[in-house]
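Colleague: When you get a sec, could you give me coordinates for this:
(2 chains)
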Amino acid sequence: MDFELSEDQVALADGVRSFCDGRFPIAVVRGLAEHAGVDRARWRELGDLGVFSLRLPEAEGGAELGWADAVVAYEELGRALVPGPLVWTQVVAGLVPGAATGETIVGGIDRHDPSRIVEYPDRIDVLAIVDDEGIWTVDAGALEVEPLQSLDPLTPVGRLVGELPQGALLVGAATGAGLRRQGAVLTAALLLGMAEASTDVAVAYAKEREQFGRPIGSFQALKHILADMFTRAEVARGAVYAAGVTLDDPAVGSVERAAAAAKLTAAEAALANGKSCVQVHGGMGYTWEIDAHLFLKRAYALEPAFGTRDDWADTIADLLDATV
Amino acid sequence: MDLRYSESEERFRKELREWLAAALPTLPAKPAGDDWDGRRAYDTDWQRRLFDAGYAGISWPVEYGGRGATLVEQLIYLEETTRAGAPYVGVNFVGTLHAGPTIMTEASPEQKAEHLPQILRGEEVWCQGFSEPNAGSDLASLNCRGIRDGDEYVITGQKIWTTFAQVADWCELLIRTDPDSPKHKGITWVMFPMDTPGIEIRPINTIAGTSEFSEVFFDEARVPVANRVGLENDGWRVAMVTFGFERGTAFVSDLVETDRLISELVRLARLVTRRSGTAWDDVALRREVGHLQAEMDALWAMTKRNLSQAARNGVPGPAGSVMKVAYSELFQRVTDLAMRVLERGGLSVEDVGAWPSGIFVEERLRSTSFTIAAGTSQIQRNIIAERILGLPRE
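Modeller: I've put the predicted structure just below:
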């Protein structure tokens, strides 16, 4: 057993991080708010980098990597707060033409979601619809969506108006359940990256900002907030990586339970760290100008994706019920 | 990243399981909690059995008589022994996990030969004389005085939280030998025989009604300078040596136990009736149990990660603080949830009616010390903030 990143995984993470530093620095990311969250040319660059085709066979243009590798790559995308339907596009890469290359932008919703909220309505080409029978797809252009002001400036939303079409069946219920788990794990990876990045941002601020004649990071009250941020992210990291490994190698444990632990702990970490990041910034944390609010808002946007914390907690309780 | 165990790791697990299955049924009955002589006999008997089977000093190098197990094997050892309900390290704790490793690293060849084999065989029980009433979190401010008189130190002062002092043969003792130097530079580490005249042991009653800790009073007790480990006034560094040994296994037994406790909580909740149905029918309770189990699973994963990193590059340290904070607080939340399930059943530390409730109430009390002992949660957060995040000292 060696549960540490392999050299290749470290290289993959470094590669995605360098790409994000160069092509999705925070200034560019913030600027995407003026582009409905996604710039098609830059989305294609993500496709060229291979983040959507990671797991596909070489014959389909993929890198034949595993879920553990996808998790490592998505952690970096989360760190950089890259906006867009990153998870849905990866989950259906290989199933929906063009998704893997970044040519086709794919979003998703639950057919019975009472909010009827669709993310990135002006950018998605295909909408995936999840229900008990499986996953269906519809041409996004056929949908009627009224725009709504979003919580997260980088997750623009709209609300479905009128009937949602049945769509064309992409995968049946069993495969659909598997894709939902995979979506939860990739979302957890994004949330993990965010939990880590918000910690780094808060720590950097605490070292710079001076009050009472010294950096505020020298005070225990702030040290403890920051230590908790670090701890939450570290706790989530093990669970998220374990979920990736378990998806690749189901013999090592329950995939359902691993996905649950990953999504739950990563969402908790990202939300709590988003709040703490604002708190550490004091009054400035309450301004639009400072990046802290972006971590908090994206955490809220991603938390309900592919199962809420409560959904996954219920799943774990059911699994315990069956085995205890 | 690989969570599968190798063939040799699985072989190690299998052999250990087989040995445990054969050995455990032959153990004598567990003594009562306050039967200290009985507990010493029981724990040291277990240590001897481990020694005879080749499992003593699982993390000790082979050259000192230990197993020299890899970190993954140590993880497996702790998992398997805890799952099988094997005796805890108990009174052998300080010897095998603290004083022993310190002696291994810092002591003279003669000192090593005099103590290490005995510790491994369960022939020597050690206690720790570090903390004092005025030196807890600020351990370096300790004051127990050691005045040099020829080839002896004359010791006067008081120690507290000395675990198992009542049954110990030896004490790893920190004394202040130079009160005029900065506090970290005037401390000496000595091996102190517990049958030395001039000491008095007073057990402390804990909130859990147990007495595993004692105060120890020293009144001009004399110890040979030859019992010193390391140089005079270099004792702080010697004492800190053990912190460098932590490789991610410190909480494995606790994780196994708390995992089991959560399962027992599910069973308990099925027995506790509510106005309609049982406590386990309550979605809110199930959801909280689900949350706690998710965090437990995450801590297992973190353990394996920390261990793998330590195996690769030998660097331990601050990661232990993260685990301590996370585990101790999770453990408390689990026992707190159990109290909520029990409602008025939690008013007794004994089993109430048909409910196996006593253990949960006991664990609620016992878990209280986990955020305090071995570095409070507050100190651990300071360590994380300063040593991992690089924040400036106060």
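Colleague: In contact with B:E10, which residues?
Modeller: If you count contacts by C-beta atoms under 8 Å, 6 or more residues apart in numbering or on different chains, B:E10 has none. Yep, even glycine has a C-beta here, placed from its N, CA and C like the rest.
Colleague: ok, and it, which helix or strand is that part of?
Modeller: helix B:7-23 (DSSP states H and E).
Colleague: Check A:A261 too.
Modeller: A:A261 belongs to helix A:255-280, assigned by DSSP H and E.
Colleague: for that helix, packing partners?
Modeller: Here helix A:255-280 is seen to pack against helix A:173-208, helix A:220-248, helix A:282-285, helix A:292-302, helix A:309-323, helix B:283-313 when contacts are counted using 3 or more C-beta pairs under 8 Å, 6 or more residues apart in numbering or on different chains; DSSP states H and E.
Colleague: ok, now with 10 Å
Modeller: Packed against helix A:255-280 by the contact rule (3 or more C-beta pairs under 10 Å, 6 or more residues apart in numbering or on different chains; DSSP states H and E) you find helix A:67-79, helix A:173-208, helix A:220-248, helix A:282-285, helix A:292-302, helix A:309-323, helix B:283-313.
Colleague: Quick check: B:K159 touching B:F217?
Modeller: Yes: with contact defined as C-beta atoms under 10 Å, B:K159 reaches B:F217; the gap is 8.2 Å.
Colleague: Name the residue in those two with the higher neighbour count.
Modeller: B:K159 (28 against 16; other C-beta atoms under 10 Å in any protein chain shown).
Colleague: Contacts only, for the more buried one.
Modeller: Neighbouring residues of B:K159 by C-beta atoms under 10 Å, 6 or more residues apart in numbering or on different chains: B:127-133, B:135, B:142, B:144, B:165, B:171, B:173-175, B:192, B:199, B:201, B:214-218.
Colleague: Select only the buried ones of the residues you listed in PyMOL?
Modeller: Buried members of these can be picked out in PyMOL with the line below, counting by 16 or more other C-beta atoms under 10 Å in any protein chain shown:
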select buried, chain B and resi 127+128+129+130+131+132+135+142+144+165+171+173+174+175+192+199+201+214+215+216+217+218
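Colleague: how is the chain carved up into domains?
Modeller: Went with chain A since none was named. Following automatic domain parsing, one finds the domains of chain A at A:7-171, A:174-323.
Colleague: My question was about chain B, not that one.
Modeller: B:7-88, B:126-233, B:246-388.
Colleague: I'd like the ones you listed written out as TSV, with mean pLDDT and distance to A:V161 added.
Modeller: Converted to TSV, the domains of chain B look like this (pLDDT from 0 to 100; distance: least, C-beta to C-beta, whole Å):
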stretch	mean pLDDT	distance to A:V161
domain B:7-88	96	56
domain B:126-233	97	62
domain B:246-388	94	33
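Colleague: ok so, going back, looking at the helices and strands packed on helix A:255-280, spot the one closest to B:L50.
Modeller: Among the helices and strands packed on helix A:255-280, helix B:283-313 comes nearest to B:L50, with 21.2 Å by C-beta to C-beta.
Colleague: burial measure for the residue lying closest to A:I117 once chain neighbours are set aside, as a count.
Modeller: Closest residue to A:I117 apart from its sequence neighbours, by C-beta to C-beta, 6 or more residues apart in numbering or on different chains: A:V157 at 5.1 Å. Using other C-beta under 10 Å, A:V157 is surrounded by 19 other residues.
Colleague: Ok, the one 4 residues further on next?
Modeller: Using other C-beta under 10 Å, the number of residues around A:V161 comes to 11.
Colleague: Could you do the one 10 residues further on as well?
Modeller: Burial measure for A:V171: 18 neighbouring residues, criterion other C-beta under 10 Å.
Colleague: for it, helix, strand, or coil?
Modeller: For A:V171, the assignment made with DSSP: H, G, I helix; E, B strand; the rest coil gives strand.
Colleague: Which residues are in contact with it?
Modeller: Per C-beta under 10 Å, 6+ apart, neighbours of A:V171: A:92, A:95, A:128, A:133-137, A:177-179.
Colleague: what about 8 Å?
Modeller: So A:V171 contacts A:95, A:134-135, A:179 (C-beta under 8 Å, 6+ apart).
Colleague: how about the residues you listed in a markdown table, adding distance to chain B, pLDDT and neighbour count?
Modeller: Formatted as a markdown table, those follow (distance: C-beta to the nearest C-beta, whole Å; pLDDT from 0 to 100; neighbours: other C-beta atoms under 10 Å in any protein chain shown):
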| residue | distance to chain B | pLDDT | neighbour count |
| --- | --- | --- | --- |
| A:L95 | 26 | 97 | 16 |
| A:G134 | 26 | 97 | 17 |
| A:I135 | 25 | 98 | 26 |
| A:L179 | 21 | 96 | 22 |
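Colleague: In strands only, show me those residues.
Modeller: Using DSSP state E, A:134-135 are the members of the contacts of A:V171 that sit in strands.
Colleague: Looking at the contacts of A:V171, which two lie furthest apart in space?
Modeller: Counting by C-beta to C-beta, the most remote pair of the contacts of A:V171 is A:L95 and A:G134, 11.4 Å apart.
Colleague: Give the intersection of the neighbour lists for those two.
Modeller: Residues touching both A:L95 and A:G134 by C-beta under 8 Å, 6+ apart: A:170-171.
Colleague: Any idea how far stretch A:65-78 is from the middle of the chain?
Modeller: 10 Å (C-alpha atoms, centre = their mean, to the nearest Å).
Colleague: do the same with stretch B:212-232
Modeller: 22 Å.
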